[in-house]
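Engineer: Sequence first, then the predicted structure, then my questions.
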Protein chains: 2
Amino acid sequence: MTQVDGLSRRERQIMDIIYERSEATVADVRGALPEPPSYSAVRALLRILEEKGHLQHRQDGPRYVYLATVPYRQARESAMRRVLRTFFGGSASRAVAALLDMEADNLSEDELQHLAGLVDEARKKGR
Amino acid sequence: MTQVDGLSRRERQIMDIIYERSEATVADVRGALPEPPSYSAVRALLRILEEKGHLQHRQDGPRYVYLATVPYRQARESAMRRVLRTFFGGSASRAVAALLDMEADNLSEDELQHLAGLVDEARKKGR
DNA sequence: CTTAGCATGCTAAGATATTAGCACTGAGAT
DNA sequence: ATCTCAGTGCTAATATCTTAGCATGCTAAG
């Protein structure tokens, strides 16, 4: 999901978990995995992801805390563009329409008002 | 990217290509792959994806045309929800905001107007 | 001081994915 | 008729991913 490509199944799961939580320890990652493999297995994956340059870690007391090397926003944009291309022919407006359609019931009046403002702002900027 | 998970790197690439084009022949898929492996390799992947139930094929003259078994809309929603969860804490409005921010310059006045209408509609539906 | 718990370093086996190669078939061109 | 091209069926080797296991060090409790 994350960025370009080249990640395997587990690797991708792990990257997603890390982006979802900003950073995570081995135990965090393991706890978030659907059918968690052994502690060792998770550690190995994290090490490999670090070798490949997707992750880095810092020491927090006795344990490692992993975080992504590609900044959050950049990864997010990359993921969005990919969905855009794959499912919306690259059209952001079609994607927004789909989101509104999917989530209309879960959006509060406040949120909708805010979005209306953003759309308006974009229109002003356009001309 | 597509649905739940469990796809390997190439498998995922191929599924994305198929969703992007609705359907595709072996040559189509191979042509769309970044660093295309042999024709045989692509065929093998397609066969495996079909075995796993992600694809099906029909005969078109002498060749196979592959298409996804999971309907387009469902796969699309699944992919969206995944990005939502991973990068937007599940918030659709944050995702919409990011899309507008990313693509503001590429959105036409017509599209923006249309979106404004959709937001308005959602607000009416809400109350 | 010694033990138990929890963390990492390192290594190797096992499972899967990825690729290529060869055999076969059918259609159209010479 | 036969040659060649473009397709599929099938199989096997290679690469990569995924997992587990053992050794080690550090810290806190008994």
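Structural biologist: Done, it's in. Numbering: from 1, shown residues only, chains lettered A, B, ... in the order given.

Engineer: The residue nearest to the spatial centre of chain A is in what secondary structure piece?
Structural biologist: Nearest to the geometric centre of chain A sits residue A:19, at 4.9 Å (Cα atoms, centre = their mean). Using DSSP states H and E, residue A:19 falls within helix A:9-21.

Engineer: Distance-wise, check the residue nearest to the centre of chain A relative to residue A:75.
Structural biologist: Using Cβ to Cβ, to the nearest Å, residue A:19 is found at 6 Å from residue A:75. All C-beta spots, glycine's among them, are computed from the backbone N, C-alpha and C.

Engineer: Next up, phi/psi of the closest residue to DNA strand D within chain A, please.
Structural biologist: Closest residue of chain A to DNA strand D, Cβ to the nearest atom of the strand: residue A:38 (2.8 Å). As for residue A:38, its main-chain torsions (degrees, to the nearest 10) stand at phi -70, psi 160.

Engineer: need the strands for chain A, in chain order.
Structural biologist: Ranges of strands within chain A are A:23-24, A:55-60, A:63-68, based on DSSP state E.

Engineer: is the helix holding residue A:19 anywhere near DNA strand D?
Structural biologist: Yes: residues of helix A:9-21 contacting DNA strand D under Cβ under 7 Å from any atom of the strand: A:9-11.

Engineer: measure residue A:86 to chain B for me?
Structural biologist: Noted for residue A:86: a distance of 5 Å to chain B, by Cβ to the nearest Cβ, to the nearest Å.

Engineer: let me redo that: residue A:24
Structural biologist: Residue A:24 sits at a distance of 13 Å from chain B (criterion: Cβ to the nearest Cβ).

Engineer: Could you give the bridge partners of that residue?
Structural biologist: Taking DSSP bridges as the rule, residue A:24 bridges to residue A:66.

Engineer: In this structure it contacts residue A:68, no?
Structural biologist: No: taking contacts as Cβ atoms under 8 Å, residue A:24 lies outside contact range of residue A:68: 10.1 Å.

Engineer: domains of chain A?
Structural biologist: What automatic domain parsing lists as the domains of chain A is A:1-90, A:92-127.

Engineer: Mind putting these into JSON lines with mean pLDDT?
Structural biologist: Shown next, in JSON lines, are the domains of chain A (pLDDT from 0 to 100):
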{"stretch": "domain A:1-90", "mean pLDDT": "94"}
{"stretch": "domain A:92-127", "mean pLDDT": "95"}
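
Engineer: Can you check which of the ones you listed gets nearest to residue B:86?
Structural biologist: Evaluated over these, closeness to residue B:86 peaks at domain A:1-90, with 4.9 Å, by Cβ to Cβ.

Engineer: re the thing from before, how about the helix holding residue A:19: buried residues?
Structural biologist: By neighbour count with 16 or more other Cβ atoms under 10 Å in any protein chain shown, helix A:9-21 contains the buried residues A:10-19.

Engineer: out of these, who's near chain B?
Structural biologist: Contacts with chain B within these, as defined by Cβ under 8 Å from any Cβ of the partner chain: A:12-13, A:16, A:19.

Engineer: Mind jotting down where the helices sit in chain A?
Structural biologist: Along chain A, counting by DSSP state H, helices occupy A:9-21, A:26-32, A:39-51, A:72-88, A:92-103, A:109-126.

Engineer: Now find how far off-centre the shortest one is within its chain.
Structural biologist: What it means is helix A:26-32. In this view, helix A:26-32 has its centroid 17 Å away from the chain centroid, taken as Cα atoms, centre = their mean, to the nearest Å.
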